[in-house]
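# Here is my input; please provide its structure:
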Amino acid sequence: MVNGHQAPAISALGLRKAYGDHTVLDGIDLTVPRGSIFSLLGPNGAGKTTTVQILSTLIRADGGEIRVGGHDLASDPRSVRGVIGVTGQFAAVDELLTGRENLLLMGDLHHLPRRDSKRLAADLLARFDLVEAADKVASTYSGGMTRRLDLAMTLVGDPRIIFLDEPTTGLDPRSRRTMWEIIRGLVDDYGVTVFLTTQYLEEADQLADRIAVLDNGRLVAEGTAAELKRLVPGGHIRLRFADRAGLEAAARSLGDGAREDGSEEFTLAVPSDGGVAALRAVLDRLDADQVAVEGLAVHTPNLDDVFLTLTGHSTTDKETAA
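Okay, the predicted model is just below:
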């Protein structure tokens, strides 16, 4: 507990990493609350994978104060490893073993009694919808099944914090959405904290409680998806009216910033950040001028717009070792 509040699952202050003259992480600060999904977005080479590797004890940081699961990363990495699980871009599944055998092997590695391992394997196979494939060799699994098994294997150690580095890369849309449901279930049903890196902005938008955007080794923005979208110009409130007279009356009331929206008949687009205060101000002005509104919708830029504006890069490139 810190100041009467629960300590965060992950905290990093001034995290730095360089390879020779190349600075990968230039003093970033991160705070990830317990029981949440935190997504780290960034273009190719931004430092996402390096961040995961440091926080999961795979490589050492050059500087910074870092705590994971309440443990100091520099002085007590063994305790950190005891509370985390890692699922990377490439599955750790042994394709020569069955799904059940892979889970039992993980139980052996965690020194669980065989009886407990068998019970846990059965539970995980059911939770991840792998019962029918449990005794088939993993080489016969689809990509989505392999990813589900890989995540199930991560849970054998009962981690409280799970690092998911590009967990749905290469999956078809249906398998990706299945993984999203599983990931959200881990948080909602079991209180696990998830640290997620992804190339798919829709994935971060759907899953993450908070999102940080990393570019050239620095965090350039952090917030909820809605907060980040409001950083980018182009948001507007779309107002719909019953007839041309109502549209023209609203245009006079709202001034030069309002413009006709060609997507629907008798609609007006009013520039806005999409916030409650801005919406209330528009409606109050129309009400004062006795202009009736038939319907409205708030439109904000999507995360693709945010990402491109903040970094100047596309997200379609593959992540490098950084």
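
# what's across from the closest residue to Gly295 other than its chain neighbours in the sheet?
Nearest residue to Gly295, sequence neighbours excluded (CB to CB, 6 or more residues apart in numbering): Arg240, at 4.2 Å. For glycine as for every other residue, the C-beta is placed from the backbone atoms N, C-alpha and C. Under the criterion DSSP bridges, Arg240 forms beta bridges with Thr267, Gly295.

# how far away is Ala258 from Gly217?
Going from Ala258 to Gly217 by CB to CB, to the nearest Å gives 42 Å.

# Comparing those two, which residue is more hemmed in?
Comparing Ala258 with Gly217 by other CB atoms under 10 Å, the one with more neighbours is Gly217, at 23 against 20.

# Next one: the more buried one from Arg210, what distance?
Gly217 is 20 Å from Arg210, by CB to CB.

# Ok, Glu95 next?
For Glu95 relative to Arg210 (CB to CB), the value is 36 Å.

# quick check, Leu103 in a helix?
Yes. Counting by DSSP: H, G, I helix; E, B strand; the rest coil, Leu103 is found in a helix.

# wait, doesn't it sit right on Ala121?
Yes. Counting by CB atoms under 8 Å, Leu103 touches Ala121, with 3.9 Å between them.

# give the contact list for Phe195.
Counting by CB atoms under 8 Å, 6 or more residues apart in numbering, Phe195 makes contact with 10, 32, 38, 40, 52, 55, 161-164.

# Then Ala249?
289, 291.

# again, only using 10 Å
241, 243, 286, 289-292 (CB atoms under 10 Å, 6 or more residues apart in numbering).

# my guess is the residue nearest to Gly295 meets Val270, correct?
No. In this structure, Arg240 is not within contact of Val270 by CB atoms under 10 Å, at 12.0 Å.

# Neighbour count: these two, which is higher?
More crowded of Arg240 and Val270, by other CB under 10 Å: Val270, with 24 against 18.
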